[in-house]
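>>> Sharing a model that was predicted from the sequence below.
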Amino acid sequence: MAELQLVVFQIKPGGEESLQEFGVPITQVQEIIRLTTPTKIPNAPNFMEGIINLRGKVVPVIDLKKRFNVPVAKYNEDTRIIVVEISGQTVGIVVDAVSEVLRLAEEAIEPPPSFIAGIAADYLTGVGKISERLLILLDLDKIFTIGEKKELLQVGQAG
């Protein structure tokens, strides 16, 4: 039985009690770090928080809530940056909390609906079902347009 190993994180829309759980393949995750204040970059896309220095490497940091046009709440002690690789580029993504790493059987994954939680299905690989929970599985390589990937690459090379 084939399984996916996923890093599960949460995004909580600003001012709402509900949270949405997302999963990304653990193979794309390099590390998870506490939130550090990114250095702002002029003329960056609105979803880009700035850049951080991660052991001598300049890493662009984006806020997934802003990328998905979800209301942004204040960051807190649970806020994390998940350092991932997207199309060969190291990028930090800001999430409200990282909850767990889990294994999900492929049989527990449904194809994504055409539109879910304000996110176009282009970004999704499916919806995982874990008892009563639903886990939105993201395709990180499709979160950004080609133009946005070029902007991220330019920012990453600036350092």
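Yep, that arrived.

>>> which regions of the chain sit below the pLDDT cut-off?
1, 14-17, 114-121, 156-159 (pLDDT under 70).

>>> Okay, helices next: where are they in it?
64-67, 146-157 (DSSP state H).

>>> tell me the centre residue of this structure?
Ile93 (5.0 Å; C-alpha atoms, centre = their mean).

>>> Give the bridge partners for that residue, please.
According to DSSP bridges, the partner residues bridging Ile93 are Ile62, Ile82.

>>> how far away is it from Pro111?
Ile93 sits 24 Å away from Pro111, going by C-beta to C-beta, to the nearest Å. The way it works is simple: take the backbone N, C-alpha and C, and place the C-beta from them, glycine included.

>>> do the same with Ile33
The value you get for Ile33 to Pro111, if C-beta to C-beta is used, is 33 Å.

>>> between the two, who's got more neighbours?
More crowded of Ile33 and Pro111, by other C-beta atoms under 10 Å: Ile33, with 14 against 10.

>>> list the contacts for that one?
By C-beta atoms under 8 Å, 6 or more residues apart in numbering, the contact list for Ile33 reads Leu54, Arg80, Ile81, Val83, Gly92.

>>> repeat that for 7 Å
Each residue near Ile33 by C-beta atoms under 7 Å, 6 or more residues apart in numbering is listed here: Arg80, Ile81, Val83.

>>> what about the second one, how many neighbours?
Taking other C-beta under 10 Å as the neighbour definition, Ile81 ends up with a count of 25.

>>> Report the spatially nearest residue to it, omitting neighbours in sequence.
In this structure, Ile81 finds its nearest non-sequential neighbour in Gly92, 4.2 Å apart by C-beta to C-beta, 6 or more residues apart in numbering.

>>> who touches that neighbour in this structure?
Under the criterion of C-beta under 7 Å, 6+ apart, the contact list for Gly92 reads Ile52, Val59, Val61, Ile81, Val83.

>>> now Lys149
Ser87, Gln89.

>>> Apply 10 Å and report the result again.
By C-beta atoms under 10 Å, 6 or more residues apart in numbering, the contact list for Lys149 reads Ile86, Ser87, Gly88, Gln89, Val91, Asp141, Ile143.
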